[in-house]
Structures are given as structure tokens and as C-alpha cells.
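> build me a model:
(4 chains)
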2 protein chains.
Amino acid sequence: MKQPQDTIAARIARALADRIITGAIPPGAPLRQDHVAVEFGASHVPVREAFRQLEAQGLAVSEPRRGMRVTSFDVEDLREVAAMRAALEVLALRHAAPRITPAVLEAADAANRAAEAATDVHAWEEANRRFHRLLLAPCAMPRLMSSIDSLHLASARFLFAAWRSQWEKPTDQEHRAILAALRRGQTDLACSVLAKHVGRISGRSPQNKFDKSGTYAIIG
Amino acid sequence: MKQPQDTIAARIARALADRIITGAIPPGAPLRQDHVAVEFGASHVPVREAFRQLEAQGLAVSEPRRGMRVTSFDVEDLREVAAMRAALEVLALRHAAPRITPAVLEAADAANRAAEAATDVHAWEEANRRFHRLLLAPCAMPRLMSSIDSLHLASARFLFAAWRSQWEKPTDQEHRAILAALRRGQTDLACSVLAKHVGRISGRSPQNKFDKSGTYAIIG
DNA sequence: CTGATATTTCCTGTATTCAGGAATTATGGA
DNA sequence: TCCATAATTCCTGAATACAGGAAATATCAG
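Residues are numbered from 1 along each chain as shown, chains lettered A, B, ... in the order given. All right, here's what the predicted structure looks like:
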């Protein structure tokens, strides 16, 4: 259960990150270190380190002498994340394309089928993220992949916030188009489809469910 | 001297980050928390938090149960940083261009003149970074700007590592071309010049001064 | 010289305590 | 009554002391 090469701070950070992403801890909520410490049966030192990790992931902000607070977001943030994802994922795909093997394409296809078979938003998100990551990872650029992962985290927050109650599964026709282009070696086409596809996420969520103040306005 | 709204951990992180970027602490060097603590007259708790901040900036890596270590880098990392900068700075400029005022252009011009008047690499780097930041900041995308800042940090590390001893000042002709294009409202031209300009940094450093193992191979 | 063991070093985490700032509540004056 | 000021309380930031454990180093026997 508990890996020895896994620090308590890292475990707390993962648990809190998951709650923030899924919306279990809402945007704007304060994170009180003593409260978290007793919940995880730890002292405040690893808790503070976990807070720093959340801060690095953009999931929380520290207001000195006033504690940590879960970050808020609005449609503008979603658009920004989408634009950054488009730019960076296209860059990654361009470098990855020559190194993508048939095995990778097959795995990505499987991930896409898993997404289309998903029955809830959580499973769909996991499969969708896996699809993107499989195609981009061959670029072998660790810093770039880490940035993309962080953006996917933010995207997932929006997804869960907007589509918690009712959620209609998208068809992911574009995923298939990307795979088809890659199979034919049409890197440019794959990149342009990917850019459009990622750009679409900022239009796919129901904007009226976010208010403009940046605070939480969710959802039945 | 000491701002009250400034935590000890943040001060330690800034001081260490500066040393790492300038090369005062070389790549691969271990960061021992107790040594840092006594040097700054602090306990190990804020030091560990500072380490996390360095980790978030990509300046150090934590090997669990073995301590922190300053990250190494090689030409491949430089190319990756350059490619990411090109992608993200073009994105930022495209959003910033319609909001750039004559005052911003004037300030950028001043920064460029300061760069050309710089007598040492440190002053040049500061002015160069200011030039880029002035033109991009009007995009009003905080996450994007923070990513670009982080990439500039990494770029500066390469710059200081490669050009510590002898350093010939570049002419920054391209900076002027970007400004001219922006003054004429030619956003596309400005973006393409910027992309080429940023891409050039990966060819401008003397590659032979980096070895392939990723360790430090610098410089008189 | 080699390999196993012992020692040391230092990272990770706990518990306790305290100082200082922020927010809230209580108090007093107009 | 209402507003401004003062007191209290809460919580973060930080220090100190200490324990457990892993890794590196030194030591010693064969």
C-alpha cells in the first residue's frame, strides 16, 4: 500500500490534487494545514510541502500569512489553457510523429476505443488523456511533456466542474482523423486537426455554467 | 530590508535560484538542507519548502531519501527550451499584438537599447528578458506568462553557463525588426521573426562547451 | 585485495512551542 | 444607534529538539 520511496508529502499532495481536480474541494476553498495534517495523520511539515507542490501545479495559491487557497477559474482561464495546449501539443506531435511506431498507433487506437466505451466522465477523461499522451510522448522532450501534463490537469478540472451531473459523451471523430493522418504519414494534417481539436475544448463546455467573477458557479 | 509579506522560504528560494542560474552552484551539485539552513540562519523546514519551489522551477530535482540535486542540462535541453519558447512566445505575441500601445513599444525600444549598451552578459540578459516580457505581457494570460518566465530562466542558465568568460554581444537586429513590424501592424511578420529569433538561441551557444552526459563541462 | 559489517551522515518526519499577523468580537465614544 | 477603536482568538510561519531510517563511507576480518 505505502511505497517506501514515496514521501508522505507526495501522498498528501496527490490526494489533495485529486480532490481539487474532481471538484471535491471547490475553488476558493481554504486549505488549513492543521486540518489536513490531522486528517492524514501527519504533522504540519509534510503538509506544507504538499501545499507547495499543489502551488506548483497551479491548483492552489499561497497568500503569505493568510494560508493556502484552492485556485479559482473561469472561461478565460479555459481559453488560455486550450490555446497553450494547442501550441504545445502541436509542437510535441511534430517532434513525435517521425518516432511513432505502429505499436503506439495501436495503443492510441485502443485508448480511443476505451474513451468511446466510457460510461462516466471520469473514465472518459482518463482514456482521453492517455490517447493524447501516447501520441505525444515519443517526442522525447521531458519538459514539454510535463507542461502538457499540467495543462491536461487544468483541463480535467474544467471538465469535471462543467459536466459533473449530466454529461454527453463526445464522439471523438477527430481522434480517429488524427490517427488516420499519422498512419498515412501526413504529419501536417495530423497537427492541424489536433490544433483544431484542442481548440474546440474551450467551446465545448457550457459557458453559462461559469460566472465571470472567477468563483464557483457549478452545477446540480 | 526584509519585507514582512515575504516568507523565509521564498527568500531562500530566490537566493538559491539566482546562484543556480548564474552558475555559482554548478549543475549536479547536491543541496544539503542543513548547510543551507545554517547559512541563512533558518531551520530546515523553510529550507525544504524552498527546495520544493526550486523543484517547481525545474532548477533542482529531489531524489527521495537522497536529497536535492541541481539539475543538469545539455544541448538537447537547450533545443527543447528554445522550441517551447518559440511556440509559447508566438502565441503570446499573437494575443498581445492588438493590445500593444505606443508606450509599450517605446519601453521595449528602450530595453533593446539597454541590451545593446550592456557591457556584461548579466546586464544583457536582464535587458533582453525585459524586452521580450514587455511585448508579450499585454496578452493578459497569466499562466502563459508564467510558463514563458520559467523558460527564460532556463535560457538564462544556458547563457551564463556558455558565455561566462568571453562573451560577444549580439546585435539584436531581430529585435528591431519585430518592433518595426509591430509598429506597422504586421502581426504575422512580427510573430514569424520572433519564432526564428527564439529558435536561433539554440544555435548561438557554443555546443562544444557542453558534453553529452548532461554534466557540467564549462568554462574558464 | 575483497567482501561483509559497522559507523557516520543526512534526509524525512514528529512533537512542541512561540511569535506575529489577520479576522472577529467586544467595547466605548459620538 | 452607529461607527471607530481595542481586545481576543485563530492560524500561519518558524524554531527547536528529537527519532527513525536509508545511503554512503569507513573499518576490519579472511
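> pretty sure residue A:61 belongs to a strand, no?
Yes. Per DSSP: H, G, I helix; E, B strand; the rest coil, residue A:61 lies within a strand segment.
> model confidence for residue A:114, exactly?
Residue A:114 is assigned a pLDDT of 95 by the prediction.
> quick check: nearest residue in space to it, chain neighbours excluded?
Closest residue to residue A:114 apart from its sequence neighbours, by C-beta to C-beta, 6 or more residues apart in numbering or on different chains: residue A:127 at 4.1 Å. Glycine gets a C-beta too; all of them are placed from N, C-alpha and C.
> that neighbour sits in which helix or strand?
helix A:121-136 (DSSP states H and E).
> mind listing what's buried along that helix?
For helix A:121-136, the neighbour count (16 or more other C-beta atoms under 10 Å in any protein chain shown) marks A:121, A:124-125, A:127-136 as buried.
> then stretch A:33-45?
Applying 16+ other C-beta under 10 Å to stretch A:33-45 flags A:33, A:36-37, A:40, A:42, A:45 as buried.
> could you do stretch A:161-181 as well?
Quick answer for stretch A:161-181 (16+ other C-beta under 10 Å): A:161-163, A:167, A:172, A:175, A:177-179, A:181.
> now do the end-to-end distance for that stretch.
32 Å (C-alpha to C-alpha, to the nearest Å).
> I'd like the buried residues of helix A:121-136 as TSV, with pLDDT and distance to DNA strand C appended.
Output for the buried residues of helix A:121-136, formatted as TSV (pLDDT from 0 to 100; distance: C-beta to the nearest atom of the strand, whole Å):
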residue	pLDDT	distance to DNA strand C
A:121	89	32
A:124	92	33
A:125	94	29
A:127	95	32
A:128	95	32
A:129	96	27
A:130	97	29
A:131	97	34
A:132	97	31
A:133	98	27
A:134	98	31
A:135	98	34
A:136	98	30
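> where along chain A do the helices fall?
Under the criterion DSSP state H, helices of chain A are mapped to A:8-22, A:33-39, A:44-56, A:75-96, A:102-116, A:121-136, A:142-162, A:173-183, A:187-204.
> what's the longest one packed up against?
Pointing back at helix A:75-96 there. In this structure, helix A:75-96 makes packing contacts with helix A:121-136, helix A:142-162, helix A:187-204, helix B:75-96, helix B:142-162, judged by 3 or more C-beta pairs under 8 Å, 6 or more residues apart in numbering or on different chains; DSSP states H and E.
> what's in contact with the third one?
To tie it back to what came earlier, the one meant is helix A:187-204. Residues outside helix A:187-204 that contact it (C-beta atoms under 8 Å, 6 or more residues apart in numbering or on different chains) are A:75, A:78-79, A:81-83, A:85-86, A:89-90, A:93-94, A:97-98, A:155, A:158, A:170, A:174-175, A:177-178, A:181-182.
> which residues of chain A lie near DNA strand D?
A:4-5, A:30-34, A:44, A:48, A:62, A:64-68 (C-beta under 7 Å from any atom of the strand).
> how about 6 Å then?
Counting by C-beta under 6 Å from any atom of the strand, the residues of chain A close to DNA strand D are A:4, A:32-34, A:62, A:64-65, A:67.
> what stretches of chain A score poorly on pLDDT?
A:1-5, A:164-166, A:203-220 (pLDDT under 70).
> got the residues of it near DNA strand C?
A:7-9, A:42-43, A:45-46, A:65-66.
> the same query, at a cut-off of 10 Å, please.
When proximity is defined by C-beta under 10 Å from any atom of the strand, chain A lies next to DNA strand C at A:2, A:4-12, A:34, A:37-38, A:40-50, A:63-67.
> those: which ones sit near chain B?
A:5-7, A:45, A:48-49, A:64-65 (C-beta under 8 Å from any C-beta of the partner chain).
> mind giving me the ChimeraX select for these, buried ones only?
Restricted to buried positions by 16+ other C-beta under 10 Å, the ChimeraX selection for those reads:
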select /A:7,45,48,49
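> tell me how chain A divides into domains.
Domain ranges of chain A: A:9-70, A:75-205, per automatic domain parsing.
> in JSON lines, list these along with distance to residue B:196.
Formatted as JSON lines, the domains of chain A follow (distance: least, C-beta to C-beta, whole Å):
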{"stretch": "domain A:9-70", "distance to residue B:196": "30"}
{"stretch": "domain A:75-205", "distance to residue B:196": "15"}
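> and the residue of chain A closest to chain B?
Per C-beta to the nearest C-beta, residue A:56 is where chain A lies closest to chain B, at 3.3 Å.
> apart from its neighbours in sequence, what residue is nearest that residue?
In this structure, residue A:56 finds its nearest non-sequential neighbour in residue B:56, 3.3 Å apart by C-beta to C-beta, 6+ apart.
> tell me how far that neighbour lies from DNA strand C.
15 Å (C-beta to the nearest atom of the strand, to the nearest Å).
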